[in-house]
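Colleague: I would like to see how this sequence folds:
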Amino acid sequence: MDEVKSLISQLSGNNLLISKILYGCGLRLMEAIRLRIKDLYFQNNLLYVYDGKRDKNRISMFPKALHSDLELQVHKVRNLHQRDIAEGYGAVWLPDALDKKFSNASTEFKWQYLLPSSKRAIDPRSGIIRRHHIQQDSLQKAIKRATLNLNFNKRVSCHTFRHCFATHLLEKCANVRQVQKLMGHNDLKTTEIYLHLDGYQNKYYESS
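Modeller: Purely as a prediction, here's the structure:
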């Protein structure tokens, strides 16, 4: 856990927020980048992941320690969206042709990306100028720089935060099947990979 904190301390801006989401919620990088405002439920400490790996939907949690960061980000997105609307833009791409079913949905605040791009761009699918989500390569490059600065003699990637989420939950005796649901694993055996400590596995199945 100390290594995770050290790595996070090297990051800033959007990269810092994304890393906290990956570690605090167990998300894959693209799942975090594609989050929309409507996917956050502060009152329940939950977030919804839509169209994750294999197009699966699931519910995960986010810690209270992330509340202030996420609330600030929502506030920033609201200001940005209001500015886009004032300038005649503000539409966002919607899945499943929802923009055809609900004509005003694409400009609603709740559908905006939690991590929007700093620039608007032409959507090649429609020719409409939109604000998409940020790209994933920024965090990948930042983590590479951070591992060099910290002299980590091990392979570290964005996915490392997700691994640590599962490992640390299990170290705290979380039920392995609950962790499976949070991670979105189809097979329990995938989650069991994180049970490193032989002799401690039985307690992870208690109350299952």
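Colleague: beyond the longest helix along the chain, next helix or strand please.
Modeller: Assignment by DSSP state H gives helix 67-86 as the longest helix of the chain. Later in the chain than helix 67-86, the nearest helix or strand by DSSP states H and E is helix 98-101.
Colleague: ok, and for that following helix, which residues are buried?
Modeller: Across helix 98-101, burial judged by 16 or more other CB atoms under 10 Å covers residue 99. Bear in mind the C-beta positions are built from the backbone N, C-alpha and C, glycine included.
Colleague: chain center to it, what's the gap?
Modeller: Centroid separation between helix 98-101 and its chain, computed with CA atoms, centre = their mean, to the nearest Å, is 25 Å.
Colleague: and for that helix, what's in contact with it?
Modeller: 91, 105, 106 (CB atoms under 8 Å, 6 or more residues apart in numbering).
Colleague: re earlier: mean confidence for the longest helix of the chain?
Modeller: Mean pLDDT, helix 67-86: 97.
Colleague: and it, what's buried?
Modeller: For helix 67-86, by 16+ other CB under 10 Å, it's 70, 73, 74, 77, 80, 81, 84.
Colleague: now do stretch 35-42
Modeller: Across stretch 35-42, burial judged by 16+ other CB under 10 Å covers 35, 36, 37, 39, 40.
Colleague: surely the last one meets residue 74?
Modeller: The one in question is residue 40. Yes. Here residue 40 lies in contact with residue 74, judged by CB atoms under 8 Å, at a distance of 7.2 Å.
Colleague: joint contacts of those two?
Modeller: residue 114.
Colleague: helix or strand: which one has the most centrally placed residue in the chain?
Modeller: Centroid-nearest residue in the chain, with CA atoms, centre = their mean: residue 32, separated by 2.2 Å. Using DSSP H and E, residue 32 maps to helix 29-33.
Colleague: state the mean pLDDT of that helix.
Modeller: Mean predicted confidence for helix 29-33 is 94.
Colleague: which outside residues touch the following helix or strand past that helix?
Modeller: For helix 29-33, the following helix or strand on the C-terminal side (DSSP H and E) is strand 40-41. For strand 40-41, the surrounding residues in contact (CB under 8 Å, 6+ apart) are 47, 48, 62, 70, 74, 114.
Colleague: which of the residues in the following helix or strand past strand 40-41 are buried?
Modeller: Toward the C-terminus, strand 40-41 is succeeded by strand 46-49 as the next helix or strand (DSSP H and E). Buried positions in strand 46-49, judged by neighbour count with 16+ other CB under 10 Å: 47, 49.
Colleague: what distance separates strand 46-49 from the centre of its chain?
Modeller: With CA atoms, centre = their mean as the basis, strand 46-49 stands 9 Å off its chain's centre.
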